[in-house]
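Participant: My questions are about this predicted structure, shown below with the sequence.
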Amino acid sequence: MRRSATWIVGCTFLLSASCSAGDTGGPAAEPVTSTAAAPTTAVTIAPTTAVITAVTTAATAATTSEPEDIGDPCVVTVLAGDFLAKIAARIDDVSVEGIVAENRLGAGHVLHPGDVLDVCIGNDVDDITGAALVASSPEAVGRQQTKLNELFAPYRFIDLIVDGDSGPLTRQLLCTARMGLGLTVSRAHMAAGSVEEETLFAANSVSLPDGVDTSAEKWILIDKTCQVMFAGEGDQLVNIYPTSTGEPGYATTNVNAVEAFRFDPALETDGWHDSTSFPVAADNPLNGNMYKPIYFNDGEAIHGAGYVPPIPRSKGCVRTFPLHQDELISWLGLAGVTEATWQTSTIGLRVTVQGEYRDVD
């Protein structure tokens, strides 16, 4: 069954963030309320049919120009006022459903002017990045897994099982390698013999990825595309951790170098917060079981959890394993804190969240 999906161009959103570390699903997400800052058009695909319904919410259509020719017939640029049906109508033999499937656009995905879309449907290639959408041979994937284990040995990833399966954990590390090697970031499979595979095999270390706030004394960069967290000091990389951000309907908000503002060790409950068992007035009501959360954006926090899959599974927060959360707390010099603090100077951390999760499955 196809999920209901809505695409909106040129609008701003009012969204209340929340999170949960529980493994069970939360209540169904309420529709997002939008306020039009410019003419907007929403396109909805019905859950069980291919019927396209276009709803124009502005009184006047936006003025647009012809798409700029970027030299690749497989890639188009989104213009102001564009919506998927309008884009599909400009291209021979391309449907809205095909664009959605090829670009793995999730429910509620928002198109922005300047975004690019892959419009060569079903060719097993991400034409934006050139990455493969089908896995290489098990032998080639096994060599990639061995190299990934070597490259990330200094950091906090569990070694991949070298089994030749380009599954979610392998693609999480491939994505993280692309970040640290200056390649185009995606969770796609890595084609054997490709330029990016040559770059991977030649690498002995990873560097700071784009998006790091090197002006901060201590910083964390959370990338939702890769489901990974980089931590560092100034221009030095300290560690890399696997993470799990907010699932569809509860996506973690992208922010740029915001100060972490609250930390509560909750020593009386061994560090765990729970909205029912251990209620804390300042916590978001939808919070589930969280270990020593560090809040950085309203109800969104970095916190320990018992389950940290390589895909978005939280209710807006950023999950780490409890051991990794303790490491972060020690790194920040907060291990000796015995009660809740709201002092940004005490926490001493700036947090950036970037990217958007799109898997190849």
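Facilitator: Alright, I've got the coordinates. Numbering: from 1, shown residues only.
Participant: what residue lies at the spatial centre of this structure?
Facilitator: Nearest residue to the geometric centre of the chain (CA atoms, centre = their mean): residue 224, 1.6 Å.
Participant: Could you pull up the residues touching it?
Facilitator: With contacts defined as CB atoms under 8 Å, 6 or more residues apart in numbering, the neighbours of residue 224 are 245, 251, 252, 254, 312, 353, 354, 355, 356, 357. C-beta here means a position set from N, CA and C on the backbone, and glycine is covered the same way.
Participant: Would you confirm that residue 360 contacts residue 190?
Facilitator: No: applying CB atoms under 8 Å, one finds residue 360 not in contact with residue 190, separated by 11.2 Å.
Participant: So between these two, which is more surrounded?
Facilitator: Neighbours per residue (other CB atoms under 10 Å) separate residue 360 from residue 190, with residue 190 holding more: 27 against 17.
Participant: how close does that one get to residue 268?
Facilitator: 48 Å (CB to CB, to the nearest Å).
Participant: how about the closest residue to residue 162 other than its chain neighbours, secondary structure?
Facilitator: Nearest non-adjacent residue to residue 162, counting by CB to CB, 6 or more residues apart in numbering: residue 145, 4.7 Å away. When classified by DSSP: H, G, I helix; E, B strand; the rest coil, residue 145 comes out as helix.
Participant: Tell me how many other residues crowd residue 145.
Facilitator: Residue 145 - counted by other CB under 10 Å - has 23 other residues nearby.
Participant: Do I have it right that residue 114 meets residue 76?
Facilitator: No: if you go by CB under 8 Å, residue 114 and residue 76 don't touch, sitting 11.5 Å apart.
Participant: In terms of neighbours, single out the busier of those two.
Facilitator: It is residue 76, of residue 114 and residue 76, that has more neighbours when counted by other CB under 10 Å, with 23 against 9.
Participant: pLDDT at residue 164, what is it?
Facilitator: Note for residue 164: predicted pLDDT of 97.
Participant: Quick check: it touching residue 139?
Facilitator: Yes: assessed by CB under 8 Å, residue 164 is found in contact with residue 139 at 6.5 Å.
Participant: Quick check on the two: which one has the bigger neighbour count.
Facilitator: residue 164 (17 against 9).
Participant: Give me the secondary structure label for the more buried one.
Facilitator: Quick answer, by three-state DSSP: residue 164 is coil.
Participant: what about the nearest residue to it once chain neighbours are set aside, distance to residue 188?
Facilitator: Computed as CB to CB, 6+ apart, the closest residue to residue 164 that is not its neighbour in sequence is residue 138, at 2.8 Å. Using CB to CB, residue 138 is found at 17 Å from residue 188.
Participant: Out of those two, name the residue with the larger neighbour count.
Facilitator: residue 188 (26 against 12).
Participant: pLDDT below threshold where in the protein?
Facilitator: For the chain, applying pLDDT under 70 flags the ranges 1-70, 131, 275-288, 361.
Participant: which residue ranges form the helices in it?
Facilitator: 84-89, 96-103, 138-151, 168-180, 195-202, 322-331, 344-347 (DSSP state H).
Participant: among these, which is nearest residue 273?
Facilitator: Closest of the helices of the chain to residue 273 is helix 322-331, at 12.0 Å (criterion: CB to CB).
Participant: helices or strands up against the closest one?
Facilitator: For helix 322-331, the contact count by 3 or more CB pairs under 8 Å, 6 or more residues apart in numbering; DSSP states H and E identifies strand 236-242, strand 290-297, strand 300-304 as packing neighbours.
Participant: any idea which of these is most buried?
Facilitator: strand 300-304 (a mean of 28; mean count of other CB atoms under 10 Å).
Participant: what lines up beside it in the sheet?
Facilitator: strand 290-297 (antiparallel), strand 318-320 (parallel) (DSSP bridges).
Participant: Off-centre distance for the last one?
Facilitator: Between the mean C-alpha location of strand 318-320 and the chain-wide mean there is a distance of 12 Å, by CA atoms, centre = their mean, to the nearest Å.
Participant: cool, and stretch 311-322?
Facilitator: For stretch 311-322, the distance to the chain centre is 11 Å (CA atoms, centre = their mean).
Participant: Output it as CSV, restricted to C-alpha atoms.
Facilitator: Presented in CSV, the C-alpha positions along stretch 311-322 are these (Å, rounded to 0.1, in the frame of the first residue of the first chain):
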residue,chain,number,x,y,z
ILE,A,311,17.1,4.4,10.8
PRO,A,312,15.0,7.2,12.4
ARG,A,313,12.9,5.7,15.2
SER,A,314,12.7,8.4,17.9
LYS,A,315,9.9,10.9,18.5
GLY,A,316,12.0,13.9,17.6
CYS,A,317,15.0,13.3,19.8
VAL,A,318,18.5,12.0,19.0
ARG,A,319,19.2,8.5,20.5
THR,A,320,22.6,7.2,21.5
PHE,A,321,23.4,4.1,23.5
PRO,A,322,23.7,4.7,27.3
